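*Asks:* 3D, please:
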Amino acid sequence: MSTRAASRLRRLKRVLLGVLVVTVGIIGLEGLASLGLLFDNINVSRTPGNFRQAQYDSLVGWVGLPNMSSFNNYGPNLTLSTNSQGMRIHRPVPSVVLAGERRAVCSGDSFAFGSGVSDNETFCAYLEHEISNLVTLNMSQRGFGIDQMYLWYKRDAVLYPHSLHLLAFIWADFERMATTSFSGYPKPRLRLKGESLVVENVPVPQWTAPSQWSQVGEQIGNLRLVQLIRRNTDMSDSAKLQRVDDQVWDVAEAVFKDVEKLNRERGSSLVMVYLPAPPDLVPGAYDNRRNRLAAFSQRTGIRFVDLTAEIRAVPADSLDWMFITANALPVNGSAGHYTAMGHEWVAKKLAAHLRALGVVDSSGAPKQ
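*Replies:* Coordinates of the predicted model:
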């Protein structure tokens, strides 16, 4: 090999080595940045302190702390109050119904609980203005799945006579039925044995306030390596929904049927309510679940209200103000939930559906 050719080869090797070093460096920096973002997200998204305003319950997992009052909980003058039964209302609930009073129990998760808004700004509270002589009992809790709504209602709501039960849920409440924890908090899980519902993971293991590491599992998915692996796996919304529903759908139907039975025994009317969340604002995979719920309602006669079609008809410039986003009050731990405007919209639409279903009479009072 000539001296000139050898020199060109050495220069080429140096260039290739330089490219290799730069490439490895970029890959390394990308990996470190991804890891850094992981730790940052774990710190930012750790379970917010306002969620820990609950107490351990050996059956349900957690219920509301009794007699709590936090005046600026979500922001200036956004109060969070509970009564002696841990419900999100500022008044006690007598064991007997007062003359002329009609009661409704609202079961649900953080959307029904009202994360991010004040006590009088939840749709459950707004219903008192939409339906005459109605008094609402907000038996919802942040992080609840449909299983926990059912278990709390079954055990405790019998103590408070009522004529209407609104079982309100979002898409994620089905996913929660497949797990035995939520953000590090242990919870029960329901299984079907034959035709009977069986509660597993009870007594629910004792919990303490989770550390930032309780969010590791959720944030691992943000790593580029994990995302690369997922590209070779069917991670579409349809596939994820199908995997969840394969585990929980039969259980959910059994829950709905038993809640209906409990309401009949207690002289109450059950209405299942699907609350649209941000993923529902445009057509997608979760429409399949909603359609399945509608078919279940038609087959069983259990009343079902789905507000998704109506919220999709709301103009985009108005829709922005119905959810907690950059355009609304930014509240740690409550992004994506309804604003006060969103809750009021839900209450108005829901009241109209309840009248159409014949659950409330022409004056608005729940039928007995």
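
*Asks:* for the closest residue to residue 146 other than its chain neighbours, give me its contacts.
*Replies:* Distance criterion Cβ to Cβ, 6 or more residues apart in numbering; nearest residue to residue 146, sequence neighbours excluded, is residue 173 at 4.8 Å. Where you see a C-beta, it was placed from the backbone N, CA and C, and this is true even at glycine. Residue 173 is in contact with 109, 144, 145, 146, 149, counting by Cβ atoms under 8 Å, 6 or more residues apart in numbering.

*Asks:* swap in 6 Å and give it another go.
*Replies:* Residue 173 sits next to 109, 145, 146 when contact means Cβ atoms under 6 Å, 6 or more residues apart in numbering.

*Asks:* what's the local residue count around the last one?
*Replies:* Translated: residue 146. The local packing of residue 146 (other Cβ atoms under 10 Å) involves 25 other residues.

*Asks:* for it, give me the pLDDT.
*Replies:* At residue 146, the model reports a pLDDT of 98.

*Asks:* quickly note the distance from it to residue 259.
*Replies:* Here the criterion is Cβ to Cβ, to the nearest Å. By it, residue 146 lies 9 Å from residue 259.

*Asks:* what does residue 251 give?
*Replies:* From residue 251 to residue 259 the distance is 13 Å (Cβ to Cβ).

*Asks:* how about the helices in the stretch 51-200 of the chain?
*Replies:* In the stretch 51-200 of the chain, helices defined by DSSP state H, counting those that start in this stretch lie at 110-113, 123-130, 146-156, 172-176, listed in chain order.

*Asks:* from those helices, which stretch is densest packed?
*Replies:* Sort those by mean neighbour count, taking mean count of other Cβ atoms under 10 Å, and helix 110-113 sits at the top with a mean of 26.

*Asks:* quick one: low-confidence residue ranges for the chain.
*Replies:* The chain contains residues with pLDDT under 70 at 1-2, 4-6, 9, 15, 18-19, 21-52, 208-235, 326-333, 362-368.

*Asks:* find the residues that touch each one of residue 146 and residue 259.
*Replies:* Common contact partners of residue 146 and residue 259 (Cβ under 6 Å, 6+ apart): none.

*Asks:* isn't there a helix covering residue 257?
*Replies:* Yes: secondary structure of residue 257 (DSSP: H, G, I helix; E, B strand; the rest coil): part of a helix.

*Asks:* quick one: residues contacting residue 71.
*Replies:* Neighbours of residue 71 in contact, by Cβ under 6 Å, 6+ apart: residue 79.

*Asks:* relative to residue 318, which of the helices of the stretch 51-200 of the chain is closest?
*Replies:* For the helices of the stretch 51-200 of the chain, distance to residue 318 was read as Cβ to Cβ. The smallest value, 16.8 Å, belongs to helix 123-130.

*Asks:* helices or strands up against that closest one?
*Replies:* Helix 123-130 sits against strand 134-140, helix 340-356, with contacts defined as 3 or more Cβ pairs under 6 Å, 6 or more residues apart in numbering; DSSP states H and E.

*Asks:* and residue 94, which of these is closest to it?
*Replies:* Per Cβ to Cβ, nearest to residue 94 of the helices and strands packed on helix 123-130: strand 134-140, 10.4 Å.

*Asks:* and the angle from that closest one to helix 123-130?
*Replies:* Angle between the axes of strand 134-140 and helix 123-130 is 180 degrees (criterion: axes from the mean of the first three to the mean of the last three Cα atoms, to 10 degrees).

*Asks:* got the angle between strand 134-140 and helix 340-356?
*Replies:* Going by the same axes, to 10 degrees, strand 134-140 makes 120 degrees with helix 340-356.

*Asks:* which neighbouring elements make contact with strand 134-140?
*Replies:* Looks like strand 134-140 contacts strand 102-108, helix 123-130 (3+ Cβ pairs under 6 Å, 6+ apart).

*Asks:* and the strands in the stretch 1-150 of the chain, which stretches?
*Replies:* For the stretch 1-150 of the chain, the strands defined by DSSP state E, counting those that start in this stretch cover 54-57, 61-64, 69-70, 80-81, 102-108, 134-140.

*Asks:* so which of the ones you listed is nearest residue 190?
*Replies:* strand 61-64 (12.3 Å).

*Asks:* can you list contacts of the closest one?
*Replies:* Residues outside strand 61-64 that contact it (Cβ under 6 Å, 6+ apart) are 54, 57, 82, 86, 148, 187, 204.

*Asks:* who wins on neighbours among those residues?
*Replies:* residue 148 (28 neighbours).

*Asks:* tally of neighbours for residue 238?
*Replies:* Using other Cβ under 10 Å, residue 238 has 12 neighbouring residues.

*Asks:* do the same with the one 3 residues further on
*Replies:* Taking other Cβ under 10 Å as the neighbour definition, residue 241 ends up with a count of 19.

*Asks:* quick one: contacts for it?
*Replies:* Here residue 241 is in contact with residue 285 (Cβ under 6 Å, 6+ apart).

*Asks:* over to residue 359?
*Replies:* Residue 359 neighbours (Cβ under 6 Å, 6+ apart): residue 269.

*Asks:* so residue 144 sits right up against residue 111, yeah?
*Replies:* No: under the criterion of Cβ atoms under 6 Å, residue 144 is not in contact with residue 111, lying 10.0 Å apart.

*Asks:* residue 116 is in contact with residue 334, correct?
*Replies:* Yes: using Cβ under 6 Å, residue 334 is in contact with residue 116, at 3.3 Å.

*Asks:* any chance you could map the helices in the stretch 201-350 of the chain?
*Replies:* 216-219, 224-231, 237-265, 286-300, 308-312, 316-319, 340-356.

*Asks:* tell me the buried residues in the fourth one?
*Replies:* It refers to helix 286-300. Residues of helix 286-300 classed as buried: 286, 289, 290, 293, 296, 297 (neighbour count, 16 or more other Cβ atoms under 10 Å).
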